[in-house]
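Visitor: How does the following fold in three dimensions:
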Amino acid sequence: MLRVALILCFLLSSLPVAAEKITGVASVTDGDSIEIRGTRIRLHGIDAPESRQFCTRPSGQSWRCGQQAALSLSDRIGRRSVSCISRDTDRYGRTIAVCSQDEVDLNAWMVREGWAVAYQKYARDYVPDEKEAQTAERNIWSGTFVMPWDWRDGVRSP
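Guide: Got it, this is the predicted structure:
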């Protein structure tokens, strides 16, 4: 009987876990992170400039692109409800998710608008959106910038 119970436990633990849906009014932490009802959420497949990160305009003027990325996401979301489908949990305990509002994928929107890049180390979902933003020279793509992962590693100028 113990053997059957152990086999049953093993089989049940190997079943895929249903993706959790998190819905509610979101507060923006930065350009790729939000919080809904106490759940910290990292937007899947994208990486936005850090809040303290600067980019350089074609004129040579620096600007706070990381802060602007967060503000743009906040403006886009407003006080309306956001719905996120979890994919994973990161090493900081944040839920990794694809989030949408009014049937618009917010992860894709951030990349397509040039406020974030496709985080190809983890996913290739948003590569076409990045190419579109880059070709159109939207926002961070209008000048020069350090990729967010390089900036976190200490590279501070393009």
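
Visitor: Distance of residue 117 relative to residue 150?
Guide: 11 Å (Cβ to Cβ, to the nearest Å). Any C-beta I mention is one placed from the backbone N, CA and C, and that applies to glycine too.

Visitor: Neighbour count for those two, which is higher?
Guide: More crowded of residue 117 and residue 150, by other Cβ atoms under 10 Å: residue 117, with 26 against 12.

Visitor: My guess is the more buried one contacts residue 130. True?
Guide: Yes: using Cβ atoms under 8 Å, residue 117 is in contact with residue 130, at 5.6 Å.

Visitor: gap between the two ends of stretch 37-55?
Guide: Using Cα to Cα, to the nearest Å, the end-to-end distance of stretch 37-55 comes to 32 Å.

Visitor: Show me where the chain has its helices.
Guide: For the chain, the helices defined by DSSP state H occupy 2-13, 65-77, 106-112, 127-136, 148-152.

Visitor: ok, and what's touching the longest one?
Guide: Contacts with helix 65-77, where a contact means Cβ atoms under 8 Å, 6 or more residues apart in numbering, come from 26, 28-31, 34, 48-55, 101, 106, 109-110, 113, 115-116, 139-140, 145, 148.

Visitor: so what's the residue positioned nearest the centre of the chain up against?
Guide: Nearest residue to the geometric centre of the chain (Cα atoms, centre = their mean): residue 43, 2.7 Å. Contact partners of residue 43, counting by Cβ under 8 Å, 6+ apart, are 32-34, 97-99, 106-107, 110, 116.

Visitor: Return the closest of the residues you listed with respect to residue 60.
Guide: Distance to residue 60, by Cβ to Cβ, is smallest for residue 116 among these, at 23.6 Å.

Visitor: how far away is the closest one from residue 63?
Guide: For residue 116, the distance to residue 63 (Cβ to Cβ) stands at 16 Å.

Visitor: go on, residue 128?
Guide: From residue 128 across to residue 63, the span is 26 Å (Cβ to Cβ).

Visitor: Comparing those two, which residue is more hemmed in?
Guide: residue 63 (16 against 13).

Visitor: what pairs with that one across the strands?
Guide: residue 55 (DSSP bridges).

Visitor: any idea of the pLDDT on it?
Guide: We have a pLDDT of 98 for residue 63.

Visitor: where's it relative to residue 89, distance?
Guide: 33 Å.
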